[in-house]
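starting from these lines, generate the structure:
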Amino acid sequence: MATQKKTAEVDYSMQEKILALYELQKIDSKIDEINKVKGELPLEVQDLEDEVAGMKTRIEHINAEIEELNNLTKQRKREVDQARIMIGNYKEQQNNVRNNREFDAISKEIEYQELEIELAEKRLKEYAAGVKAKKLQLEEADGVLAERTADLTDKKSELDGIEAETAPLVAEYEAQEARAKEKIDERLLAAYERIRRNVRNGLAVVTVKRDACGGCFNRIPPQRQVDIRQGKKIIVCEYCGRILVSDPAEAE
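Residues are numbered from 1 along each chain as shown. Purely as a prediction, here's the structure:
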């Protein structure tokens, strides 16, 4: 909104806007050079942060699975204890039966409880094996987390150091950038930003050097060069789409 208001208050000529674009490009290129010093550090830090967060989530899930297995183990042990108590009760009842039918019925109940104990003990062995496997996974995950956390600390420290060192210069360039943008209307500024995103080296505005585009080095026709020097309208390279300007230093 501030850019739009300022541009509306001062009626800058097209030549002034083109010069402002050229200055903006030089400033952005300086900022790009500073960002190159950081290299892949910002991406590496982001990747490590994502990995650390992912490992923490995985560890939480493993701990939850271990807790669930421990709860199931307690439940099965209670079932075994209950079954043994019932078997003891049934055996006492067998001593007081009145006929063979009652004895056989109680015997079946005892047999059923013994099968329940056998099944529960099988499950207990499975749970114990599961807990052991999960603890190994947890130990491995903790090791990876510690390693990634150490890497993240080192990378962040390196990145913070570079940013602290370059912060005053970046602030100065950003102030210059804001002043240059005041002379450029939003539509032209949007076009500039779009071109910068679409070209590999971030050069949206280039000068004509030795009769060629300073971006793609294709030849610019003489009449088009005259139009560029006059600065009455925005002219883009028909090959790479960059904005073409005459070098102010050469004009002087």
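
state which strand of the chain is the longest.
Determined from DSSP state E, the single longest strand within the chain is strand 205-209.

give the other helices and strands that that one contacts.
For strand 205-209, the elements it packs on are helix 14-38, strand 243-245, judged by 3 or more CB pairs under 8 Å, 6 or more residues apart in numbering; DSSP states H and E. All C-beta spots, glycine's among them, are computed from the backbone N, C-alpha and C.

deepest-packed of the ones you listed, please.
Greatest average neighbour count among the helices and strands packed on strand 205-209 goes to strand 243-245 (a mean of 22), per mean count of other CB atoms under 10 Å.

average pLDDT for the helix ranked longest in the chain?
When the chain is scanned for its longest helix (criterion: DSSP state H), the result is helix 100-181. When pLDDT is averaged over helix 100-181, the result is 95.

ok, now stretch 32-42?
For stretch 32-42, the mean per-residue pLDDT is 90.

hey, C-alpha coordinates of it in CSV?
The C-alpha trace of stretch 32-42 is given here as CSV (Å, rounded to 0.1, in the frame of the first residue of the first chain):
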residue,chain,number,x,y,z
ASP,A,32,21.5,-12.7,-3.7
GLU,A,33,25.3,-12.8,-3.3
ILE,A,34,24.9,-12.6,0.5
ASN,A,35,22.4,-15.4,0.4
LYS,A,36,24.9,-17.5,-1.7
VAL,A,37,27.3,-17.3,1.2
LYS,A,38,24.6,-19.2,3.2
GLY,A,39,24.5,-21.8,0.5
GLU,A,40,22.3,-24.8,1.3
LEU,A,41,22.4,-24.1,5.0
PRO,A,42,18.8,-22.7,5.3
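
give me the contact list for that stretch.
With CB atoms under 8 Å, 6 or more residues apart in numbering as the test, stretch 32-42 has contacts from K155, E158, L159, I162, E163, T166, L169, V170, Y173, G202.

repeat that for stretch 77-84.
Residues outside stretch 77-84 that contact it (CB under 8 Å, 6+ apart) are Q113, E114, E116, I117, A120, E121, L124.

how about 7 Å then?
Q113, E116, I117, A120, E121 (CB atoms under 7 Å, 6 or more residues apart in numbering).

quick one: which of those is most hemmed in?
Ranked by the number of neighbours (other CB atoms under 10 Å), those place Q113 first, at 21 neighbours.

residues touching that residue, list them.
The contact partners of Q113, by CB under 7 Å, 6+ apart, come to A83, M86, I87.

which ones among those residues map onto strands?
Checked against DSSP E, these include nothing in strands.

and those, which is closest to A180?
A83 (83.7 Å; CB to CB).

next one: the closest residue to D142 other than its chain neighbours from E33, what distance?
Once flanking residues are discounted, D142 sits nearest to I59: 6.7 Å by CB to CB, 6 or more residues apart in numbering. In this structure, I59 and E33 are 41 Å apart, going by CB to CB, to the nearest Å.

Y90 now?
87 Å.

how close does the closest residue to M14 other than its chain neighbours get to G130?
In space, and not counting its chain neighbours, M14 is closest to K232: 5.8 Å by CB to CB, 6+ apart. Distance, K232 to G130, using CB to CB: 78 Å.

try Q94
Separation of Q94 from G130 (CB to CB): 38 Å.

can you check P248 too?
Computed as CB to CB, the P248 to G130 distance reads 74 Å.

quick check, nearest of the contacts of Q113 to E177?
Ranked by distance to E177 (CB to CB), the contacts of Q113 are led by A83 at 78.5 Å.

what number of residues lie near that closest one?
By the criterion of other CB under 10 Å, A83 has 20 neighbours.

send me stretch 115-127 as CSV with only the CA atoms.
The C-alpha coordinates for stretch 115-127 follow below in CSV (Å, rounded to 0.1, in the frame of the first residue of the first chain):
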residue,chain,number,x,y,z
LEU,A,115,-6.6,-73.5,28.4
GLU,A,116,-7.2,-69.8,29.2
ILE,A,117,-4.0,-69.8,31.2
GLU,A,118,-2.1,-71.5,28.4
LEU,A,119,-3.4,-69.0,25.9
ALA,A,120,-2.6,-66.0,28.2
GLU,A,121,0.9,-67.3,28.8
LYS,A,122,1.4,-67.5,25.0
ARG,A,123,0.2,-64.0,24.7
LEU,A,124,2.6,-62.9,27.5
LYS,A,125,5.5,-64.3,25.6
GLU,A,126,4.4,-62.4,22.5
TYR,A,127,4.1,-59.2,24.5
